[in-house]
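S.K.: Need a 3D model of the following:
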Amino acid sequence: QLVESGGDLVQPGGSLQLSCTPSGFILENHAVGWFRQAPGKNREVLLCISSDGSTVNTVESVKGRFTASRENAKNMVYLYMTDLQPEDTATYYCAAHFTQNPFLASCVPPHYWGQGTQVTVSS
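M.R.: Below you'll find the model as predicted:
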């Protein structure tokens, strides 16, 4: 299982950093993806970071605003979000995908999920 943290209420145009850490396993050898689900909508993928952190694949809808990094020594992955807008309001999840290719930023299928952290963008 994964544990997300950092969700908060932010004003439009603000920034936020989310964190993801595993419970009971090591994130090394896992690509990690960030997803979100808004009320009444399907869960959508935002980006995926390779297990060595060298590659981040980001969907077009958030490219330029969202990015990720990781510190394998600390067993942590981060999501950085800037210029947040009300439509970014959602529950944000991280998910880990075991891989033997450290450079591949593919997070399908996810093998572990977190419980989510709420991000609300409102004035």
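S.K.: only C-alpha atoms for contact and neighbour calcs from this point on.
M.R.: Fine.
S.K.: need the strands for this protein, in chain order.
M.R.: 2-5, 9-10, 16-22, 30-37, 44-49, 56-58, 66-71, 76-81, 90-98, 112-113, 117-121 (DSSP state E).
S.K.: Residue 13 versus the residue lying closest to residue 50 once chain neighbours are set aside, what's the distance?
M.R.: Closest residue in space to residue 50, ignoring its immediate chain neighbours: residue 105 at 4.0 Å, by Cα to Cα, 6 or more residues apart in numbering. Using Cα to Cα, to the nearest Å, residue 105 is found at 28 Å from residue 13.
S.K.: between those two, who's got more neighbours?
M.R.: residue 105 (25 against 13; other Cα atoms under 10 Å).
S.K.: Reformat the strands of the chain as TSV; add mean pLDDT.
M.R.: Shown next, in TSV, are these (pLDDT from 0 to 100):
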stretch	mean pLDDT
strand 2-5	96
strand 9-10	98
strand 16-22	97
strand 30-37	97
strand 44-49	97
strand 56-58	96
strand 66-71	97
strand 76-81	98
strand 90-98	97
strand 112-113	94
strand 117-121	98
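S.K.: Throw those into JSON lines and include mean neighbour count, thanks.
M.R.: As requested, these are exported to JSON lines (neighbours: other Cα atoms under 10 Å):
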{"stretch": "strand 2-5", "mean neighbour count": "20"}
{"stretch": "strand 9-10", "mean neighbour count": "16"}
{"stretch": "strand 16-22", "mean neighbour count": "21"}
{"stretch": "strand 30-37", "mean neighbour count": "25"}
{"stretch": "strand 44-49", "mean neighbour count": "23"}
{"stretch": "strand 56-58", "mean neighbour count": "20"}
{"stretch": "strand 66-71", "mean neighbour count": "20"}
{"stretch": "strand 76-81", "mean neighbour count": "20"}
{"stretch": "strand 90-98", "mean neighbour count": "25"}
{"stretch": "strand 112-113", "mean neighbour count": "18"}
{"stretch": "strand 117-121", "mean neighbour count": "20"}
